[in-house]
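Chemist: Quick check, what structure comes out for this input:
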Amino acid sequence: MEDISVIGLGKMGSALAAALLRGGHRVTVWNRSAHKATSLTDAALAATPAAAIAASPLTIVCVSDYAATRSILSEPGVAPALAGRTLVQLSTGTPAEARELSTWAHERRARYLDGGILAWPSHIGGEQTLVYVCGDRSSYNEHEAGLRTLAGGLTYLGTQPGAAATMFAAILSYLAGRWIGICHGALICQSEGMSPAFYGEALAALGPALAWDARHMGQVIESDTYTAPESTLATAGEDIARLVRQAEDSGINAAWPVFAAGLFAQAIEAGHGQEEHAALIKVLRREMLAVAS
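Modeler: Below is the predicted model of the structure:
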């Protein structure tokens, strides 16, 4: 059992506090709108952020973003209260923001852990729930048991404060494309009188194959070897181009397939047509280098 404070009681923050309470921890909470603590009947409600931090050796902040976190941390009494305590930032932000907040915390003699939650609020506390954490190793070791109450898949990524935000951003990039793709696929089904729910079940059944593909693409990109494809970028590009025609024939929104087909066409025109699908990254790198220069 550990004393843990939670700052921020939106859907995710409330789920974190509730999981800690279920795990037997003594929890102190603070939120700008105190009524959001009503359902957390076993938690102590602090009057100020400084009081919440002073109540526990470990404080978890989960608000909308790093700007909101910095606003809370700038309130009276917070900086002195942080000295000697551990701050865990679970709000959403960029790797650069994580590094900046880590520096800010260390300047105030606080220990800092930065995290990324890869789960919905209803998943918090689950054995398979994934949360990435990075930063001060001794603090992670000291508080690992309490943090694991939140996520059985808690994973420490090392001491670099931007590591968790990097992984969160990378996975969000994948999810953004996935969500758009799922919605476009549902439009395709509806346009042909088929069930989007059945389509969702079909995607779920593809889970193992999609997991294999994600692992394979990561390995291909890391090795920078694209020359032994089971399916070429050119073949996939032709298939995706047909999605544009299908959208036009059906009268549905074509924004997603037009965008995807354009990227594949660029890669094929650049001479990568007979390589792995992952060779798309060469086009994206080229664009990145052009912007940087």
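Chemist: tell me what the longest strand seen in the chain is packed against?
Modeler: For the chain, the strand reaching the highest residue count under DSSP state E is reported as strand 111-118. Other helices and strands packing on strand 111-118, by 3 or more CB pairs under 8 Å, 6 or more residues apart in numbering; DSSP states H and E, are strand 86-89, helix 95-107, strand 130-135, helix 137-148, helix 163-191. Quick note: C-beta positions are derived from backbone N, CA and C, even for glycine.
Chemist: at 6 Å what do you get?
Modeler: Judged by 3 or more CB pairs under 6 Å, 6 or more residues apart in numbering; DSSP states H and E, the packing partners of strand 111-118 are strand 86-89, helix 95-107, strand 130-135, helix 163-191.
Chemist: which of those sits most buried?
Modeler: Stretch with highest mean neighbour count among the helices and strands packed on strand 111-118: strand 86-89 (a mean of 27; mean count of other CB atoms under 10 Å).
Chemist: what lines up beside that strand in the sheet?
Modeler: strand 58-61 (parallel), strand 111-118 (parallel) (DSSP bridges).
Chemist: How far away from the center of its chain is stretch 133-149?
Modeler: How far stretch 133-149 lies from its chain's middle: 19 Å, per CA atoms, centre = their mean, to the nearest Å.
Chemist: For it, buried residues please.
Modeler: Along stretch 133-149, these residues count as buried under the neighbour rule (16 or more other CB atoms under 10 Å): Val133, Cys134, Gly135, Asp136, Ser139, Tyr140, His143, Gly146, Leu147, Arg148, Thr149.
Chemist: List of residues touching it?
Modeler: 2, 4, 19-20, 23, 58, 86, 111-115, 154, 156-161, 163-164 (CB atoms under 6 Å, 6 or more residues apart in numbering).
Chemist: if we can go back for a sec, looking at the buried residues of stretch 133-149, which is nearest Ser223?
Modeler: Cys134 (25.0 Å; CB to CB).
Chemist: so who does Ser5 touch?
Modeler: Thr28, Ala52, Ala55, Ser56, Thr59.
Chemist: picking up where we left off before, can you add distance to Ser173 and pLDDT and give the buried residues of stretch 133-149 back as JSON lines?
Modeler: Listed next are those as JSON lines, based on distance: CB to CB, whole Å; pLDDT from 0 to 100:
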{"residue": "Val133", "distance to Ser173": "20", "pLDDT": "98"}
{"residue": "Cys134", "distance to Ser173": "19", "pLDDT": "98"}
{"residue": "Gly135", "distance to Ser173": "23", "pLDDT": "97"}
{"residue": "Asp136", "distance to Ser173": "27", "pLDDT": "95"}
{"residue": "Ser139", "distance to Ser173": "29", "pLDDT": "96"}
{"residue": "Tyr140", "distance to Ser173": "26", "pLDDT": "97"}
{"residue": "His143", "distance to Ser173": "29", "pLDDT": "97"}
{"residue": "Gly146", "distance to Ser173": "30", "pLDDT": "96"}
{"residue": "Leu147", "distance to Ser173": "25", "pLDDT": "97"}
{"residue": "Arg148", "distance to Ser173": "27", "pLDDT": "97"}
{"residue": "Thr149", "distance to Ser173": "29", "pLDDT": "97"}
